[in-house]
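Q: what shape does this take:
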Amino acid sequence: MTPPTDAAPDAAPGAAPLAARGRRTAVTGLALVVLAGAALESFLLPALPHLQRAFGVDAATGALAQVAPPLVTVVVTPLAGRFADVHGARRTLAVLVSIVTAGGLVSALAPGFPLFVLGQALQGFALGVLPAAFVVVRGLYSDEGIKTASGGLVALTVAGAGLGVLVAGPIIEATSRTVLFGIPTAVVVVGSVVFFASRVRLGTREPEGPTRVDWAGASTLALALLATVAWLASTSSAGWLAPATLALFVVAGALVSGWVLVERRVAQPMIDLDTLRSRAVGGSVAVGVGIGAGYASLVFLVPQQISRSVEESGLGAGATQTGFFLAAAFGAGFVASPLAGRAAARLGVRAVGVAGMLVLATGALVAAVSPAPAAIVWALVCAGVGAGSASTVAFSAAATGTPEHEVGVATAFVTIGRAVGGALATQVVASIVPASDPTGSGMPGTEGFRVAYLLVMCIALGGAATAMLLPKDAHRNAPTAVRA
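A: Prediction:
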């Protein structure tokens, strides 16, 4: 995420270095916030069993702490993007960072489990930083620079999530919950101080930009997303064809239709529906669904497979070993994302997006062919490279192919697409594996995993076809500035 060093033609002597230093400072602070926020989001998964014992709660109760952040995230992300578009990235980041900091402190210091769940819910605001960060990037970078910067942001989210998965267990076992959540919270605070200390100017308000938040549309969309999450949860607990599951599906569909009607009628919608149907934004959201579906389902299947005993064609991997395997995907994504941004600046977003999804499909095929440790690592590396590369171009296409007053909400929709696609595909493959058990012992058979991986490959190939919807390249729709 190296800022551009070009200055305006009429800039005074010395203005360019000062502006460049300000951009570097702003980007450094933003990077720390994104990295630490992603780590906070991922800490809970490996640490939850330990925390359940510490609080004296069972697994069903402990699951509340894991459910709360995603529920908050699906509601907050589009709102955060829209707030950044309307009120400016700086104000939006100030609010988000304050809430995330409060959530981290409550999680670190809560005397009881209910308050801890509240802290986790407040931490769910961390993902809302991402669309606001893209608004900042749009204001600081040229079109070509945005592609590289988008790769940097994606790499940071991958790195934060991977770091959280790797270190949460050792930290909670060696120290305490206070240290576990206190360290990343402190990094969020430091990053925000650095960002705001830069005092970088992101521009002035667009004359044609929105002046208020579409609360009717935002509320309807939030309800639609919550209904979608409830539907996906019901598929796991009650089954795909259960009356409650079908009812939630109908409710979610009706709310999405209602949101479309609201957006058509309000004077200042959350996002122009014509923009959402465009190749740059609509194509990016569709690709985001494919990325989430392919990547999330593959990294779900691998731990399920390798945790089986050697006699059951698994590896007998424990939690720590599983974390090391998954680190291959996180590390590959961290390296590939910024490189994909540079490649997109030369080759265009469509070419890199298609290539990324094909690499992801290759990883699923490798996992289907062989359960050997080397094959699993190679599959995860392909998953990280493919998902990181495709995510980079999806975000950059949405950020550069929409008017500046819709950058935040457009990138938020890409984030939502990845989350919904991942949740849906994970439920599908989770239902396939047990159904393929040839012994009836309750343990998923090797053939079930093979079928599931091949399905993931087909999903990724569909994502590659969807990436053809992206424009060959995305450009700014108007040379207007972003409100700071």
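
Q: after the one helix or strand G323 maps to, next one along is what?
A: G323 is located in helix 319-347, with elements delineated by DSSP states H and E. Helices and strands here follow DSSP H and E; after helix 319-347, the next one along the chain is helix 349-369.

Q: I'd say A47 and G169 touch.
A: Yes - A47 lies in contact with G169 (CB atoms under 8 Å); the separation is 6.4 Å. Using the backbone N, CA and C atoms, a C-beta is placed for each residue, glycine as well.

Q: pick out whichever of these two has more residues nearby.
A: Higher neighbour count among A47 and G169: A47, with 24 against 19, using other CB atoms under 10 Å.

Q: report pLDDT for that one.
A: For A47, the model assigns a pLDDT of 78.

Q: contacting residues for it?
A: 168-169, 171-172, 177, 180 (CB atoms under 8 Å, 6 or more residues apart in numbering).

Q: try 10 Å
A: Contacts for A47 were tallied using CB atoms under 10 Å, 6 or more residues apart in numbering; they are 54, 65, 164-165, 167-173, 177, 180-181.

Q: what do you get for L105?
A: Contacts for L105 (CB under 10 Å, 6+ apart) come out as 119, 122, 178, 181-182, 185-186, 189.

Q: using neighbour counts, trim the contacts of A47 to the buried set.
A: 65, 164-165, 167-169, 171-172, 177, 180-181 (16 or more other CB atoms under 10 Å).

Q: next one: the helix holding G323 to chain centre, how far?
A: 14 Å (CA atoms, centre = their mean, to the nearest Å).

Q: give the other helices and strands that that helix contacts.
A: Under the contact criterion of 3 or more CB pairs under 10 Å, 6 or more residues apart in numbering; DSSP states H and E, helix 319-347 touches helix 44-55, helix 143-174, helix 281-306, helix 349-369, helix 373-400.

Q: make it 6 Å
A: Judged by 3 or more CB pairs under 6 Å, 6 or more residues apart in numbering; DSSP states H and E, helix 319-347 is in contact with helix 143-174, helix 349-369, helix 373-400.

Q: so of these, which one's packed in deepest?
A: Ranked by mean neighbour count under mean count of other CB atoms under 10 Å, those are led by helix 373-400, which reaches a mean of 28.

Q: for the helices and strands packed on helix 319-347, which one sits closest to V260?
A: If you check each of the helices and strands packed on helix 319-347 against V260 by CB to CB, helix 373-400 wins as the nearest, at 18.9 Å.

Q: counting contacts, what elements does the helix or strand following that closest one pack onto?
A: Next helix or strand after helix 373-400 toward the C-terminus (DSSP H and E): helix 407-435. For helix 407-435, the packing partners by 3+ CB pairs under 6 Å, 6+ apart come out as helix 59-87, helix 129-140, helix 215-237, helix 281-306, helix 373-400, helix 446-467.

Q: to W259, which of the ones you listed lies closest?
A: Minimum separation from W259 across the helices and strands packed on helix 407-435 (CB to CB) falls at helix 215-237, 4.3 Å.

Q: for the closest one, buried residues please.
A: For helix 215-237, a neighbour-count test (16+ other CB under 10 Å) marks 216-218, 220-235 as buried.

Q: show the contacting residues for the residue most central in space within the chain.
A: In the chain, the residue lying closest to the centroid (CA atoms, centre = their mean) is T415, at 5.2 Å. Contact analysis of T415 by CB atoms under 6 Å, 6 or more residues apart in numbering lists T77.

Q: give me that answer again for 10 Å
A: Applying CB under 10 Å, 6+ apart, the residues near T415 are 73-74, 77-78, 80-81, 127-128, 130-131, 134, 157, 285, 288, 292, 391, 394-395, 398.

Q: okay, and the common contacts of A47 and G169?
A: Taking CB under 10 Å, 6+ apart as the contact rule, A47 and G169 both touch L180.

Q: count of neighbours near S309?
A: If we define neighbours as other CB under 10 Å, then S309 has 10 of them.

Q: where does the closest residue to it other than its chain neighbours land in three-state SS?
A: Leaving out its chain neighbours, the residue that sits closest to S309 by CB to CB, 6 or more residues apart in numbering is G316, at 5.2 Å. Following DSSP: H, G, I helix; E, B strand; the rest coil, G316 is assigned to coil.

Q: distance check, G316 against A361.
A: Applying CB to CB, to the nearest Å, the value for G316 to A361 is 28 Å.

Q: and V451, by the same measure?
A: Using CB to CB, V451 is found at 15 Å from A361.

Q: and if you look at F116?
A: Counting by CB to CB, the gap from F116 to A361 is 40 Å.

Q: equivalent analysis for S234, please.
A: 29 Å.

Q: again with T235
A: Using CB to CB, one gets 24 Å for the distance from T235 to A361.

Q: would you put the C-alpha positions of the helix or strand containing L105 in CSV?
A: Of the helices and strands defined by DSSP H and E, L105 is found in helix 89-109. Output of helix 89-109 as CSV, limited to C-alpha atoms (Å, rounded to 0.1, in the frame of the first residue of the first chain):
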residue,chain,number,x,y,z
ALA,A,89,-14.4,8.3,6.0
ARG,A,90,-12.7,10.2,8.9
ARG,A,91,-15.9,10.6,10.9
THR,A,92,-17.0,7.1,10.2
LEU,A,93,-13.7,5.6,11.2
ALA,A,94,-13.7,7.6,14.4
VAL,A,95,-17.0,6.1,15.4
LEU,A,96,-16.1,2.6,14.4
VAL,A,97,-12.7,2.6,16.1
SER,A,98,-14.3,3.9,19.3
ILE,A,99,-16.9,1.0,19.3
VAL,A,100,-14.4,-1.6,18.4
THR,A,101,-12.1,-0.4,21.2
ALA,A,102,-14.9,-0.5,23.7
GLY,A,103,-15.7,-4.0,22.5
GLY,A,104,-12.1,-5.2,22.9
LEU,A,105,-11.9,-3.7,26.4
VAL,A,106,-15.2,-5.3,27.5
SER,A,107,-14.1,-8.7,26.1
ALA,A,108,-10.8,-8.4,27.9
LEU,A,109,-12.2,-7.3,31.3
